[in-house]
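S.K.: sharing a model that was predicted from the sequence below.
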Amino acid sequence: MTILLIAVLLWQANLQDVIGVLEEVDPLLILGVCLLQIITMLIINFQWYKLAAIIGEKPDFKQLLSMNMVGTFVESITPSAKAGGEVTKIYLLKSQLGFSAGEATVLVTLQKIISLFTFLLLNTMAVAAFLCMIHCESLQLQVLLLSTLFLVLWIASLVVFLIYPNKVKKILKVLPIKEGWRIKLHDFIGTIETTLQSVMKDKKKLLPQFLLSLCIWGLFAVKAYLIARGLKIQLPFISIAVVTYLTYMIGMLPLLPGGIGTFEGGMVFFLLPLGVPVYQAIAFALTLRFVTFWFVFLISGGWLGFKEIKKIRFKWKTA
């Protein structure tokens, strides 16, 4: 449906107008925003590094970066709730970085909760600001409410899993699974509980991670604003930030791989009421999407390809 929506928007906008706007963008601007995206990726990796230290592990920064690259690639090809990427990260933390299953799960879940909680705060303000900016139609209200509800339920489920492992154990008792699996899962949750108890001994260490997440999400708004200025979209920073966060919230709905289509359609959906012409809105959505998704996808895919080539060359040398 979202892909059909984009096709209709392109048809209405006149493809030549969209191309004309894109041709006016300074390549140096795109290069600069891509550099900001790389900086964002490094900051995210630094957050993982610091969180790993909090749970008592000190992984190699480069190995952690490699893990995140692989996870990012998997996230890009799975529905946008990104469960595939998180499972991949748990597996890699355990198999390549020496984490226990419990430690890996706590690290991945803790990072996701911190990131999503910060994002929820920003989105709550963004929804309020958007409602003040325009007179929302019923469809817009429905989309905002549905997306916010999904985000809240997602965070709540992660919190319950991480903070209340005993409740999860009770659920395990009534699940129709083999007894062997039940025992393994029970022991696994017990490991998570032990790891979490050590983390919670000094909660103050987690505060800088929330500030770091605020910085990470703030950079997304900065990149969006720079692109908007390059496309000559005359909106203030606050308006661009609001639209960016609302669009990311919609893009998180697990509909299509990487939120493809959902993101672009959502961006146009929120820009049109602010007076942005449809051709400019589409050009903005495509450019921002390139920087924050396709560029990252290419980097992570290239990283995987490079690693595979190194493995093949090593096998040839040792054969």
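M.R.: Received it, and whenever you're ready, just let me know what you need. Predicted model, so just to flag it, every value in this text is computed and none were measured.
S.K.: from Gln234, how far out is Pro277?
M.R.: 11 Å (C-beta to C-beta, to the nearest Å). C-beta here means a position set from N, CA and C on the backbone, and glycine is covered the same way.
S.K.: looking at these two, which is more packed in?
M.R.: Neighbours were counted for Pro277 and for Gln234 using other C-beta atoms under 10 Å; Pro277 has more, 14 against 10.
S.K.: the more buried one and Val268: what is the separation?
M.R.: In terms of C-beta to C-beta, Pro277 sits 10 Å off from Val268.
S.K.: Thr118 now?
M.R.: Plainly put, Thr118 is 26 Å away from Val268 if you go by C-beta to C-beta.
S.K.: repeat that for Ala53.
M.R.: Taking C-beta to C-beta, one finds Ala53 at 42 Å from Val268.
S.K.: the more surrounded of the two?
M.R.: Applying other C-beta under 10 Å to Ala53 and Val268 shows that Val268 carries more neighbours, namely 24 against 12.
S.K.: in terms of contact, does that one touch Ala281 like I think?
M.R.: Yes. Contact criterion C-beta atoms under 8 Å: Val268 and Ala281 qualify, at 4.4 Å.
S.K.: so which elements touch the helix or strand encompassing Val108?
M.R.: Assessed by DSSP states H and E, Val108 sits inside helix 101-133. Packed against helix 101-133 by the contact rule (3 or more C-beta pairs under 8 Å, 6 or more residues apart in numbering; DSSP states H and E) you find helix 27-54, helix 83-95, helix 138-163, helix 179-199, helix 207-230, helix 237-251.
S.K.: rounded mean pLDDT for the first one, please.
M.R.: Looking back up the chat, that one is helix 27-54. On average, the pLDDT along helix 27-54 is 95.
S.K.: pLDDT on the helix or strand following that helix, on average?
M.R.: Following the chain from helix 27-54 toward its C-terminal end, the next helix or strand by DSSP H and E is helix 61-76. On average, the pLDDT along helix 61-76 is 89.
S.K.: ok, now stretch 309-319?
M.R.: In the prediction, stretch 309-319 has an average pLDDT of 76.
S.K.: for stretch 167-179, same thing?
M.R.: 69.
S.K.: and stretch 194-212, by the same measure?
M.R.: 80.
S.K.: how far does that stretch sit from the chain's center?
M.R.: 21 Å (C-alpha atoms, centre = their mean, to the nearest Å).
S.K.: same question for stretch 50-65.
M.R.: 20 Å.
S.K.: which other residues reach it?
M.R.: 42, 45-46, 48-49, 93, 96-99, 103, 106-107, 110-111, 114, 195, 198-199, 202, 205-206, 208-209, 212 (C-beta atoms under 8 Å, 6 or more residues apart in numbering).
S.K.: can you pull the buried residues of it?
M.R.: Going by neighbour count (16 or more other C-beta atoms under 10 Å), the buried part of stretch 50-65 is 51-52, 54-55, 57, 59, 64-65.
S.K.: and of those, the nearest to Met249?
M.R.: Leu51 (23.4 Å; C-beta to C-beta).
S.K.: and the gap between that closest one and Ser115?
M.R.: On the measure of C-beta to C-beta, Leu51 and Ser115 end up 11 Å apart.
S.K.: do Thr72 as well
M.R.: 14 Å.
S.K.: looking only at neighbour counts, state which of the two leads.
M.R.: Using other C-beta under 10 Å as the criterion, Thr72 and Ser115 rank with Thr72 on top: 23 against 19.
S.K.: test my guess that that one contacts Phe293.
M.R.: No. Contact between Thr72 and Phe293 fails when scored by C-beta under 8 Å: they sit 10.0 Å apart.
S.K.: confirm Val276 sits in a helix?
M.R.: No. Counting by DSSP: H, G, I helix; E, B strand; the rest coil, Val276 falls outside a helix, being coil.
S.K.: surely it and Phe284 touch.
M.R.: Yes. Between Val276 and Phe284 there is a contact under C-beta under 8 Å: 7.5 Å.
S.K.: residues shared between the contacts of these two?
M.R.: Ile233.
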